[in-house]
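Novice: What follows is a predicted protein model with its sequence.
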Amino acid sequence: MSPCPTFEGYEIIRKLGGGNMGMVYLALRQETGQQVAIKVVSGGRSQEDQEKIAIEKEGAGLQQRIARADPVHIVGVNRVLFRDGDLIVEMEYVSGDSLGEVIRNHKPLPPRRA
């Protein structure tokens, strides 16, 4: 699924990245005006698609719990939604380089930065 400029209560600002498990967008949550990152994992009928949704849902829950214990170092998960078979994970947006860019540009990565 590719969200349009307004999507399920969010105004999509731009795509941040994506991969095998889903796409991540910078968005404005319309009801609060807060900038957030939303990860959209497209659902499907195959067992593989359903396993992907289950893994991402479990990971989001785990990240939510860990972020409560360490909100300084772990990105917070605000909420997890299901819409039309898709999983939407709303997360705190933290600006900066992607992990891939940081690793590519800082070899080796200093322990404190890691």
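Specialist: Received, thanks. Residues are numbered from 1 along each chain as shown.
Novice: Contacts only, for residue 25.
Specialist: With contacts defined as C-beta atoms under 8 Å, 6 or more residues apart in numbering, residue 25 is in contact with 3, 10, 12, 13, 14, 15, 16, 37, 38, 40. (C-beta placed from N, C-alpha, C; glycine too.)
Novice: and what of residue 75?
Specialist: Contacts for residue 75 (C-beta under 8 Å, 6+ apart) come out as 37, 63, 67, 91, 92, 94.
Novice: export those to TSV and tack on secondary structure and distance to residue 52?
Specialist: Shown next, in TSV, are those (DSSP: H, G, I helix; E, B strand; the rest coil; distance: C-beta to C-beta, whole Å):
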residue	secondary structure	distance to residue 52
37	strand	19
63	helix	16
67	helix	22
91	strand	18
92	strand	23
94	coil	24
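Novice: can you give me the strands for the chain?
Specialist: For the chain, the strands defined by DSSP state E cover 6-7, 10-19, 22-29, 34-41, 77-83, 86-92.
Novice: Out of the ones you listed, the one nearest residue 102 is which?
Specialist: Comparing these by their distance to residue 102 (C-beta to C-beta), the top pick is strand 10-19, with 13.1 Å.
Novice: residues of that closest one that come out buried?
Specialist: By 16 or more other C-beta atoms under 10 Å, the buried positions in strand 10-19 come out as 10, 11, 12, 16.
Novice: related to what we said a few turns ago, and the strands of the chain, which one's lowest on average pLDDT?
Specialist: Among those, strand 6-7 carries the lowest mean pLDDT, a mean of 72.
Novice: Identify the residues contacting that strand?
Specialist: Around strand 6-7, the neighbours that count as contacts under C-beta under 8 Å, 6+ apart are 12, 27, 30.
Novice: Now the second one: closest residue in space, sequence neighbours ignored.
Specialist: Beyond its immediate neighbours in the sequence, the residue positioned closest to residue 27 (C-beta to C-beta, 6 or more residues apart in numbering) is residue 10, lying 4.0 Å away.
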